[in-house]
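Visitor: Kindly generate the corresponding structure for this input.
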Amino acid sequence: MNFELTQDQKDVQNAAREFARSEFTAEKGRYYDQNEEFPFDLWKKACELGFIGVHYPEEYGGAGMSVLENVLIVEEFCRADSTIGSAIILSDFSSEVVLKFGSEEQKEDVLPKVAGGKAITAGCYTEPEAGSDLIAIKTKAEKDGDEWVINGSKTFITNGTIADYYIVLAVTDPEAKPRYRGFTTFLVRKDAEGLQTNKIDGKFGIRASPTAEVVFKNVRVSEDDIIGELNRGFYQVLQFFNESRIEIAAQALGIAQGAFDRTVDYVKQRKQFNQPIGAFQALQHRIADLATMIDATRLLVYRAAWKASQDEADATITSMAKYLAGKIAVKVCDEAIQMHGGYGYVAENDVERIYRDAKITEIYEGTKEVQLNTISRGILGKL
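Guide: Residues are numbered from 1 along each chain as shown. Below you'll find the model as predicted:
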């Protein structure tokens, strides 16, 4: 058993760290957070340097690397700045559905643009009455001649207002038993007539990553816009989540490490009672505890990524990684604010912003409760 990254993986990690630390300044992070703007300039730079879509094959604009290399990039980006990093790493969200199941024409159309900084993708799954219960979706696609007509509403859609392509899960066979056997995914372009987006403002965190309601009113798509096979969309999305949740775990891990880094620096410099507060044993023990939890989380996240890189993605391990990483990110950020004291409660020291960005990792891509359900089902089976 080898716990060392390969030299190539270390090179990827170091390159991502160097780029993020030099470009993702605290001032920029605060700006994008306060103005709720997507960092288009930094996203384009990241794409030009090959950080987005690194796990795509070379023929589609990627580097032919694996989920693990992508996870290393995600971790470093979010470690440098939770706000900017979270926005950029999700710019290709759901593109993997096209990569895994799309036609050659769809792959050639979408993937090189995403990797090259010319397009952003969004996955349209969640609905007002179908969040964790994906089987309850109501958006329908009905056949009309040679076309399909999509009607419905999706909500909390990452990149909803800025996406060029939407991967949409819809009901195509309402009579299917079980119901999920009648779902299909479609590729919808931003200029489709009848597609409307409404930005959701005032989010607690990840404000640089736009979230929206996406409405489909008689949106017409062709047979060529079906991703993979008809009525196989539910299975495609589940397989996608088995890998994408690892990316969110890496996001949480990076956020936790970033908050920890800033806290270590602070307790070394901040003085009370004529000595650095890091000299007090109570804080030393808390620092040691957090460092241990972060490192244990990293091992689990890397294990989940490694298995996915071997085409052996394990839903139980993936959910363990996402559940633990999200939980640890929130805990580390909470402790970071506490150890900063009153200074941690204001924007100037960034840990309050990092805390706000951390919380979403326990919610999207399946809440922590959903992850526990998946883990327990993997252990106990269906009872």
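Visitor: helix/strand/coil for residue 188?
Guide: Secondary structure for residue 188, judged by DSSP: H, G, I helix; E, B strand; the rest coil, is strand.
Visitor: And for it, the neighbour number?
Guide: Neighbourhood size, residue 188 [other Cβ atoms under 10 Å]: 24. Backbone N, C-alpha and C define where each C-beta goes, glycine included.
Visitor: Likewise for residue 196?
Guide: Number of residues near residue 196 (other Cβ under 10 Å) recorded here: 12.
Visitor: next one: residue 330
Guide: Per other Cβ under 10 Å, the neighbour tally for residue 330 reads 21.
Visitor: What does the pLDDT read for it?
Guide: We note a pLDDT of 98 for residue 330 in this prediction.
Visitor: do residue 182 as well
Guide: Reported pLDDT for residue 182: 97.
Visitor: residues in contact with it?
Guide: 171, 172, 173, 174, 175, 176, 231 (Cβ atoms under 8 Å, 6 or more residues apart in numbering).
Visitor: before we move on, what about residue 241?
Guide: Residues near residue 241 by Cβ under 8 Å, 6+ apart: 365, 366.
Visitor: quick one on the thing from earlier: got the contacts of residue 182 as TSV, with neighbour count columns?
Guide: Formatted as TSV, the contacts of residue 182 follow (neighbours: other Cβ atoms under 10 Å):
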residue	neighbour count
171	22
172	21
173	14
174	10
175	7
176	14
231	17
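Visitor: Of those residues, which belong to strands?
Guide: residue 171 (DSSP state E).
Visitor: Out of the contacts of residue 182, which comes closest to residue 306?
Guide: Proximity of the contacts of residue 182 to residue 306 (Cβ to Cβ) peaks at residue 231, which lies at 32.6 Å.
Visitor: so where do the helices sit in the stretch 251-383 of the chain?
Guide: Ranges of helices in the stretch 251-383 of the chain, per DSSP state H, counting those that start in this stretch, are 281-309, 315-340, 351-359, 368-380.
Visitor: quick one: which of the ones you listed is nearest residue 192?
Guide: When the helices of the stretch 251-383 of the chain are compared by Cβ to Cβ, helix 368-380 sits nearest residue 192, at 30.6 Å.
Visitor: Next, the angle from that closest one to helix 315-340.
Guide: 140 degrees (axes from the mean of the first three to the mean of the last three Cα atoms, to 10 degrees).
Visitor: Need the contact partners of helix 368-380.
Guide: Residues outside helix 368-380 that contact it (Cβ under 8 Å, 6+ apart): 132, 245, 314-316, 319-320, 322-323, 326-327, 362, 366.
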